[in-house]
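Asks: Take this sequence and fold it.
(2 chains)
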Amino acid sequence: MVKKLKGILYISIAVVCILGFVFPNKHPHFWWQKIPVFDVVYGFIGCIVIVLVSKWLGHAWLMKKEDYYD
Amino acid sequence: MINIPPAFIYIIGALLIPLIRIRILKQALVLLIPAIAFWNLVNMPHGVYWTYQFLDYELILGRVDKLSMVFAYVFVIMSFIGMVYAIHIKEYGQHVAALFYVGSTLGVVFAGDLFTLFVFWEIMAIASVFLVWYRKTKASLDAGFRYVLVHLFGGCMLLAGIIIHVVTTGSIAFELFDFGTVAAKFILFGFILNAAVPPLHAWLSDAYPAATITGAVFMTAFTTKSAVYVLLRSFPGVELLVWLGAIMALYGVVYAVLENDIRRLLAYHIISQVGYMVCGVGLGSEMAINGASAHAFCHILYKSVLFMGMGAVIHVTGREKMTDLQGRDLYKKMPITLALYMVGAFSISAVPLFNGFVSKTMIGAAAGLLQRPSIELMLHLASIGTFLHTGLKLPWGVWFGLKKGDEDEIEDVKEPPFNMLLAMGIAAFLCIFTGVYPKVLYDILPYPVHYHPYAASHVVGMIQLLLLTLAAFWIYIDKLGGEATVSLDTDWFYRMFGRGCLWFCNRLLNGIRSGVQGSLSSEVISVGKISKNPYVFLEMVINSIQGKKVLYQDIINRPYNENSYRIQIGIGACAAIIFLFFLGIFYIKAG
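Replies: Here you go, the predicted model:
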């Protein structure tokens, strides 16, 4: 089941990468909007950055035991 | 059209509820009120209505234009959905509070002058706190007090700004403010406090998860979005708001990663989403203002679905921590709730064909048109975080979740009552409807819309972004489960300040008092008794001169008796004669 889902995910990523080349942005405001797979890279790296930075901030500083304010 | 301001339709309705004794009539009334208000809005042409003379000023209760109508429509629709969701509640005080809350929000939206704005602004804070207090737990009581104190503080800043504004300009009109003035800065402070702009946001993530299940649904819609409305009205194009908004969008995302309380996670995403709107206000172009208004409209709908979904989970399980819900396979027992929740989750994540896609991307595009690269990238990053938490982590953690093997069974889990599902269904339908057919929304926006969300490259780009977010989520799926912690936020400052005040009064001042009392109490009592009967003091002095050994306690405890101090009348007469004698001598000598 999990393998099947993974397969679907990989195939869909490949498809949207190709679609990115088929439908380029006709009115780019910035240089990166001309890159067909920019959102693929940004989505992946952005998500990892969000998880790692937030978890690091949380464990280093922000997260306290549930009875902290009691 | 009924010739009363929309705010009063709700407020009068709220006052009628306690007078009706039959439950079904009460239920009919709370649904009828939004229906009447909606019909009234549809038939209300643009213009200025309900102006009253107050002292030398003109109060305006009905400034009806495109901007106020967008917000009024969605507020009225939302009040209907919220009432359907809450219709099973037997405690009618909650309905009264909710109706006052909605009414005052509409009062804010149609206010044409600052006095009217301020009055409704304060009613909004007071009415909404009851939706927190009705939870009737210690945590909600405490959170409610913090909530209302913060809002009253914000209200004071707003009032200060209004007074300075009126004194310096002589006008109470609620229009564009010149951001350079002192008055405008105070007013902006009051506004952004209600918009939950960090660091003034902690009331939101503190109070919303503590509110009642149905009350929280109302709260998510009105306070922050009415603040967005007043910002759009009075501070478009203020550069500060661009940055505050973009930071705010990411701030909520970071905290949502850490959060374990399911409704607090959503509350942090309200902060994140309102960040887009505040950023749109700051950008100030026609497209940005359209985007902010449209996003407020869509946000209210999908956020209500999300809060209703999580509320339903709390309603049937009695649990609100992800760590208490994950791995229990709830998706098998409440699939309809899950499906409806996912409509909201896809909407907030701006999946194409859902309403977030047609509004959120408009703000990003406005940032692009104005050549603001860093803002565009920050908002783009926040979109990733939104999908990660609301679309993936939260449903995964609540309905599915990795099994650790030590999960307890949650008994009697089934779908929530029909009215709850119906309310979610209506809101979810509207999310999809405005997503598939955005024209209906674009037509009511303040400016003409020249934006086509469904350009092929937009759609492909968004799917790329979301799919890869899913891929990254898959990698970290073990790490993203709930952790049983609370996160420090800016409420730490006032919680600790409050604790400091308590320490100062209770330990320090009270300590001094009890110390003084302990060491001096017997003396203080003696002085008190002596001052009631000062003669005993003389008696004590005489006794000590004469060397008599009389217990001093016996003397001062003796009740006052005037007869014991009377002297014979002859002595008085003698004294009078002596006095007259000397007076006579003095008189003769002086004469």
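Asks: How far does the host helix or strand of residue B:7 sit from its chain's centre?
Replies: Element membership for residue B:7 (DSSP states H and E) is helix B:6-16. Centroid displacement of helix B:6-16 relative to its chain, using Cα atoms, centre = their mean, to the nearest Å, is 21 Å.
Asks: which residues make contact with that helix from outside it?
Replies: B:2, B:4, B:29-30, B:32-33, B:36-37, B:40-41, B:44, B:61, B:72, B:76, B:79, B:95-96, B:99-100, B:102-104, B:106-107, B:110, B:120 (Cβ atoms under 8 Å, 6 or more residues apart in numbering or on different chains). In short, each C-beta sits where N, CA and C put it, glycine included.
Asks: Show me what from the stretch 151-300 of chain B comes close to chain A.
Replies: B:253-255, B:257-258 (Cβ under 8 Å from any Cβ of the partner chain).
Asks: circling back: quick one: which of the contacts of helix B:6-16 sit in helices?
Replies: Secondary structure defined by DSSP state H assigns B:29-30, B:32-33, B:36-37, B:40-41, B:72, B:76, B:79, B:95-96, B:99-100, B:102-104, B:106-107, B:110, B:120 of the contacts of helix B:6-16 to helices.
Asks: In contact with the nearest residue to residue B:473 once chain neighbours are set aside, which residues?
Replies: Spatial nearest neighbour of residue B:473, excluding adjacent residues (Cβ to Cβ, 6 or more residues apart in numbering or on different chains): residue B:392 at 4.7 Å. Residue B:392 makes contact with B:469-470, B:473, according to Cβ under 8 Å, 6+ apart.
Asks: which of those residues lies closest to chain A?
Replies: Nearest to chain A, judged by Cβ to the nearest Cβ, of those is residue B:469 at 4.6 Å.
Asks: my guess is the closest one meets residue B:388, correct?
Replies: Yes: between residue B:469 and residue B:388 there is a contact under Cβ atoms under 8 Å: 5.5 Å.
Asks: Which residues are in contact with each of the two?
Replies: Counting by Cβ under 8 Å, 6+ apart, the common neighbours of residue B:469 and residue B:388 are residue A:47.
Asks: Setting aside sequence neighbours, what's the nearest residue to the residue nearest to the spatial centre of chain B?
Replies: Centroid-nearest residue in chain B: residue B:147, 5.5 Å away (criterion: Cα atoms, centre = their mean). Closest residue to residue B:147 apart from its sequence neighbours, by Cβ to Cβ, 6+ apart: residue B:207 at 3.8 Å.
Asks: That neighbour sits in which helix or strand?
Replies: helix B:202-207.
Asks: same thing with residue B:463?
Replies: Using DSSP H and E, residue B:463 falls in helix B:456-475.
Asks: what helices or strands is the helix or strand just after that helix leaning on?
Replies: Next helix or strand after helix B:456-475 toward the C-terminus (DSSP H and E): strand B:485-487. Strand B:485-487 makes packing contacts with strand A:63-65, helix B:239-258 when contacts are defined by 3 or more Cβ pairs under 8 Å, 6 or more residues apart in numbering or on different chains; DSSP states H and E.
Asks: Give me whichever of the ones you listed is most buried.
Replies: Stretch with highest mean neighbour count among the helices and strands packed on strand B:485-487: helix B:239-258 (a mean of 23; mean count of other Cβ atoms under 10 Å in any protein chain shown).
Asks: on contacts alone, who are the packing partners of that helix?
Replies: With 3+ Cβ pairs under 8 Å, 6+ apart as the test, helix B:239-258 has helix A:38-57, helix B:262-283, helix B:373-386, strand B:485-487 packed against it.
Asks: averaged over its residues, what pLDDT does that helix have?
Replies: Average pLDDT, helix B:239-258: 95.
Asks: count of neighbours near the closest residue to residue B:189 other than its chain neighbours?
Replies: Counting by Cβ to Cβ, 6+ apart, the nearest residue to residue B:189 once its immediate chain neighbours are dropped is residue B:157, at 4.6 Å. For residue B:157, the neighbour count with other Cβ atoms under 10 Å in any protein chain shown is 19.
Asks: At the geometric centre of chain A, which residue sits there?
Replies: Residue closest to the average C-alpha location in chain A (Cα atoms, centre = their mean): residue A:43, at 2.7 Å.
Asks: that older thread, the residue nearest to residue B:189 contacts residue B:191, correct?
Replies: No: applying Cβ under 8 Å, one finds residue B:157 not in contact with residue B:191, separated by 9.3 Å.
Asks: are any of the ones in helices among the contacts of helix B:6-16 buried, and which?
Replies: Using 16 or more other Cβ atoms under 10 Å in any protein chain shown as the burial test, these include B:29-30, B:33, B:37, B:40-41, B:72, B:76, B:79, B:95-96, B:99-100, B:102-104, B:106-107, B:110, B:120 as buried.
Asks: circling back: and for the residue nearest to residue B:147, the neighbour number?
Replies: If we define neighbours as other Cβ under 10 Å, then residue B:207 has 29 of them.
Asks: Equivalent analysis for the one 3 residues further on, please.
Replies: In terms of burial, residue B:210 registers 25 neighbours under the definition other Cβ under 10 Å.
Asks: Show the contacting residues for it.
Replies: B:132, B:135, B:137, B:139-140, B:143-144.
Asks: Where does pLDDT dip in the chain?
Replies: In the absence of a named chain, chain A is used. Chain A contains no residues with pLDDT under 70.
Asks: oops, I was thinking of chain B
Replies: B:1, B:591.
Asks: Show me how it divides into domains.
Replies: Domains of chain B are assigned by automatic domain parsing as B:1-235, B:238-483, B:495-590.
Asks: The shortest one spans what distance, first to last residue?
Replies: Just to be clear, that refers to domain B:495-590. 80 Å (Cα to Cα, to the nearest Å).
Asks: can that domain be found next to chain A?
Replies: Yes: counting by Cβ under 8 Å from any Cβ, chain A has neighbours in domain B:495-590: residue B:495.
Asks: before we move on, back to that, how near is the residue nearest to residue B:147 to chain A?
Replies: Note on residue B:207: its distance to chain A, by Cβ to the nearest Cβ, to the nearest Å, is 14 Å.
Asks: With residue B:294 instead?
Replies: Distance, residue B:294 to chain A, by Cβ to the nearest Cβ: 19 Å.
Asks: Isn't that residue up against residue B:361?
Replies: No: in this structure, residue B:294 is not within contact of residue B:361 by Cβ under 8 Å, at 10.1 Å.
Asks: Between those two, which is the more surrounded one?
Replies: More neighbours surround residue B:294 than the other of residue B:294 and residue B:361, with 29 against 25 (other Cβ under 10 Å).
Asks: Name the helix or strand for that one, please.
Replies: Using DSSP H and E, residue B:294 maps to helix B:286-317.
Asks: Please name the residues that touch residue 49.
Replies: By default, I'm working from chain A. Applying Cβ under 8 Å, 6+ apart, we find residue A:49 in contact with residue B:381.
Asks: wrong chain, I was asking about chain B
Replies: When the contact criterion is Cβ under 8 Å, 6+ apart, the partners of residue B:49 are B:5, B:61-62, B:64.
Asks: Look at residue B:177 and say how many residues are nearby.
Replies: The tally of other residues near residue B:177 (other Cβ under 10 Å) stands at 20.
Asks: got a list of what the residue nearest to residue B:284 when sequence neighbours are not counted touches?
Replies: Distances taken as Cβ to Cβ, 6+ apart place residue B:237 nearest to residue B:284, at 2.8 Å, with adjacent residues excluded. Shown in contact with residue B:237 (Cβ under 8 Å, 6+ apart): B:282-284.
Asks: same check, this time on residue B:2
Replies: Shown in contact with residue B:2 (Cβ under 8 Å, 6+ apart): B:9, B:36, B:40.
Asks: distance of it from residue B:104?
Replies: Distance, residue B:2 to residue B:104, by Cβ to Cβ, to the nearest Å: 18 Å.
Asks: Cool, thanks, talk later.
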